[in-house]
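1. Quick one, structure for this:
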Amino acid sequence: MSIARFQVDVPAGMKRIDGGAFLMGSEQFYPEEAPVRRVRVGSFLIDETPVTNAQFARFVSETGYVTVAEMPLSLADYPDMGAEAAMAGSSVFVMPGRDSGSDRHLSWWRFVQGAHWRCPLGPASDVAALADHPVVHIAWEDARAYASWAGKVLPSEAEWEFAARGGLDGKAFAWGDELAPQGRMLANYWQGAFPHTNLLLDGWERTSPVGSFPPNGYGLYDMIGNVWEWTEDWWALPDAVTVHGKSCCARTDAHGGDEARSCDAGDPARVPRKVIKGGSHLCAPNYCQRYRPAARHPQAIDTGTSHIGFRCIIRLDSQD
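-> Next up is the predicted model:
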């Protein structure tokens, strides 16, 4: 959604970000973040925090919306899947025991029947005490539906990263180049050896109330850690969509790749993938150092988990 700049009053719970050029990406961490390239984004308003359970509950109350995790999968869409695997539910992180052979990649995820945004750990759980926590188990179409209802859109990857940097161009983290300056915990991420030991130095085992950590330079909370956040961009490697590098000429935000090429070639279902940003409470120094503005990850659009949420924007300058 784009609106004329002169019409803007900043709604409660949003911040105005004046557009400009910045150095997007990183060449210090994971290969999919490179190359560093100069990108220009327009001005936009952005939610100060991820969408909370209370906000999502209002949306559901007013619209009757049912999330992807609450609906059984269609055997017509997934013909190779057995009926027992088509049950409604979602993936929940479960800390594995040390003797469980749990060093195998992704063995800490468990599909839980009945897990969804209202019951984040399964049917015996609820969000009664989590109203100010980010909503989770959100698939991409769920996030898009909420954004449309709110009169907003999901950010592009470039808009999200520009906002997350908070004006600190080229820094590793949203607050500088040191993860925990003087031992301060500045985001909700995993401290200790993932997946077996969580030292909880930040005070939270799973999600935390939005705004529990200091805002970045633009007054935005939880851009790093807590939950991953959906963007509107199809997954692609940066050099497939840009090659301006660090030159003086900034590429205008092109909103990523395309749907067909976003699919994982090893996935027989060929489900398209979007870019998620920001890392989560499960990112750790020894496993997933994606608690950074430049970090990015592909996520199948039909899949939410216990650590994926979102926030929305309103564009002031059309970049479409």
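
2. how much space between G170 and T252?
-> Here the distance between G170 and T252 works out to 20 Å (Cβ to Cβ, to the nearest Å). Any C-beta I mention is one placed from the backbone N, CA and C, and that applies to glycine too.

3. Could I get the full set of strands for the stretch 101-250 of the chain?
-> Across the stretch 101-250 of the chain, reading from the start of the chain, the strands by DSSP state E, counting those that start in this stretch fall at 109-113, 228-234.

4. and I138, which of those is closest to it?
-> Nearest to I138 among the strands of the stretch 101-250 of the chain is strand 228-234 (7.2 Å), distances taken as Cβ to Cβ.

5. got any ranges where the stretch 101-250 of the chain has weak pLDDT?
-> By pLDDT under 70, the weakly predicted segments of the stretch 101-250 of the chain are 101-105, 239-249.

6. Let's see that with 80 instead.
-> Regions of the stretch 101-250 of the chain meeting the criterion pLDDT under 80 cover residues 101-106, 239-250.

7. hey, where'd the helices end up in it?
-> Taking DSSP state H, counting those that start in this stretch to define them, one finds helices in the stretch 101-250 of the chain at 140-149, 157-165.

8. Who are the packing partners of the first one?
-> Secondary-structure packing of helix 140-149 (3 or more Cβ pairs under 8 Å, 6 or more residues apart in numbering; DSSP states H and E): helix 53-63, strand 228-234.

9. what comes into contact with the helix or strand hosting S90?
-> Secondary-structure assignment from DSSP states H and E places S90 in strand 89-93. Judged by Cβ atoms under 8 Å, 6 or more residues apart in numbering, the contacts made with strand 89-93 from elsewhere in the structure are 69, 108-116, 120-122, 137, 206, 282, 303-307.

10. Relative to A129, how far out is P268?
-> 40 Å.

11. What of E259?
-> In this structure, E259 and A129 are separated by 39 Å, where distance is defined by Cβ to Cβ.

12. The two - which one has more neighbours?
-> The neighbour count for E259 versus A129, taken as other Cβ atoms under 10 Å, is higher for E259 (12 against 8).

13. Surely the more buried one touches R273?
-> No: counting by Cβ atoms under 8 Å, E259 does not reach R273; the two are 9.1 Å apart.

14. Next, show the common contact partners of the two.
-> With Cβ under 8 Å, 6+ apart, E259 and R273 have common neighbours W234.

15. Any idea what the residue nearest the centre of the chain is bridged to?
-> Centroid check for the chain by Cα atoms, centre = their mean gives E229 as the closest residue, at 1.5 Å. For E229, the beta-bridge partners under DSSP bridges are K277, G309.

16. show me what contacts T49?
-> Applying Cβ under 8 Å, 6+ apart to T49 gives the contacts 13, 134, 210-211, 220-222, 311.
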